[in-house]
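Visitor: Okay, predicted coordinates and the sequence, questions at the end:
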Amino acid sequence: MRVKLRSLTPIFIGGGKEYAFYPKVDYVVKDNYIYVIDQLKLFELLSKNEGLVDDYVKSIKEGKNVGDFINDLKNDGIITKDDVRGLIKGKIYFKSASGKNRDVKIERFVSSALGKYIPGSSVKGAIRTAVAYCYFKRKKLKTADVLNAVRHERKNPKFAYQNAGLQFKTFSARFTSSEKYDAKDDFLKLLRVRDSEPLAQDDFKIFQCYSFHLKREKSEPPMFLECLDEGKEVELDIRLFKGKSPLYNLASDFWEFLKGYERDAILKIFELLNEFAKDFIKHERGNHGTKIYNKIYDELERYINGKGNSALILLGKGTTFFGKTIDMVFSPEEFERMRDVFQLGIVKDKKSGKNKKSKPFPVTRLLWDDGGIRKPLGWGLLTIE
């Protein structure tokens, strides 16, 4: 089934450090645009002139920008304006940055050989988190359940439900006496989410983002992310694979909706996504009061109360600890106990030198500044007609 994803805020899904734009060699900044340099074409051009490749490498080692080097070549008559234009791979607009930011490192959106895309795994992962949260909310999960399930391993409390015991209780279709989780028996194997088609480069902009400290009300040094811009649409293919799968016949209780028509089942998943989003927004409002982007949350809540054929979804960087876990299911008292056990958000007091728990937790948010309004990243809207 074709499902539309529209970005309500900038969305950044990273591809790892190897996908970063590096200022010295990858791009040139001019008039609030970055012009991406085609490195293969540059070296082809330089290799036609003896010694220029060595000169280029030396120039970069000395701290010069690739733009400075290209300008020097043009001014010396070694290359022409047409040559320079041929080196430009594409341009991307700086959504919120000044022209002085010419030597910043920019994290690139996930890409393949065909271009940038929304990974199906990211969408399915967000669905999985929301579904698990709603499942345990109904089952009234307690800290004791988690501590018992992860008593032998405390390395990854953020995703405690991914422990084999909790995943077994949530997603497993076969209730064996050993209670061992097996991915082959996971109900969500029936859900298929394909990667989107390649997106247009014009759909992306460079956003100047920063980590905002809620308690100090201060911003950390900026970071620069290549984000899918607000208001962009892309189609996804989301299907329920029924066929001969025995998982389909085993669905019952919470998972009964998988036996419905595909559209009805996807709308049920939308309902769970909206439940998760609604609780997340409520949690965020309680965490920081009116310090940041409450108007944005008002707008997002209106989508939840819409026609019923759409769902809010949190994707990528900046969605915070609670946007990627089921931990909102705990009461504040229970979660504080979890923090004590797993040592979450422990900071060192500058005066006493002793460790203490940061409050609120998490104490920072990744935001971008839109004309003085602090806005979050990562919100999208899924819709089926």
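Guide: Perfect, thanks for sending it. Numbers count the residues shown, from 1 in each chain.

Visitor: Make sure Asp237 is indeed in a strand.
Guide: Yes. Judged by DSSP: H, G, I helix; E, B strand; the rest coil, Asp237 forms part of a strand.

Visitor: and it, what is it in contact with?
Guide: Taking CB atoms under 8 Å, 6 or more residues apart in numbering, we find Asp237 in contact with Met1, Arg2, Val3, Arg192, Val193, Arg194. For every residue, glycine as well, the C-beta is placed using N, CA and C.

Visitor: Now for the first one, how many residues are close by?
Guide: When counting by other CB atoms under 10 Å, one arrives at 13 neighbours for Met1.

Visitor: Where do the helices of the stretch 1-150 of the chain begin and end?
Guide: Taking DSSP state H, counting those that start in this stretch as the criterion, the stretch 1-150 of the chain carries its helices at 39-47, 52-61, 66-75, 81-86, 120-139, 143-149.

Visitor: Could you tell me which of the contacts of Asp237 are located in strands?
Guide: Among the contacts of Asp237, the ones falling in strands (DSSP state E) are Arg2, Val3, Arg192, Val193.

Visitor: about what we covered before: by pLDDT, rank the contacts of Asp237 and give me the bottom one.
Guide: Minimum pLDDT for these is recorded at Met1 (89).

Visitor: That one and Ser310, how far apart?
Guide: 14 Å (CB to CB, to the nearest Å).

Visitor: Can you pull the residues that touch both of those two?
Guide: Taking CB under 8 Å, 6+ apart as the criterion, Met1 and Ser310 both touch Ile384.

Visitor: tell me the two of the ones in strands among the contacts of Asp237 that are most distant?
Guide: Arg2 and Arg192 (13.0 Å; CB to CB).

Visitor: Looking at those two, which is more packed in?
Guide: More crowded of Arg2 and Arg192, by other CB under 10 Å: Arg192, with 13 against 10.

Visitor: What's opposite the more buried one in the beta bridge?
Guide: Residues in a beta bridge with Arg192, per DSSP bridges, are Arg239.

Visitor: Report the separation between it and Val329.
Guide: According to CB to CB, Arg192 stands 27 Å off from Val329.

Visitor: quick one on the thing from earlier: give me whichever of the helices of the stretch 1-150 of the chain is most buried.
Guide: helix 120-139 (a mean of 20; mean count of other CB atoms under 10 Å).

Visitor: Could you list the residues in contact with that one?
Guide: Identification of contacts with helix 120-139 by CB under 8 Å, 6+ apart yields 5, 13, 161, 169-171, 188, 191-196, 236, 238, 254, 269, 272-273, 275-277, 279, 313-316, 323-326, 328-329.

Visitor: What subset of those is buried?
Guide: Among those, those classed as buried by neighbour count (16 or more other CB atoms under 10 Å) are 5, 13, 161, 169-171, 188, 191, 193-196, 236, 238, 269, 272-273, 275-277, 279, 313-316, 323, 325-326, 328-329.
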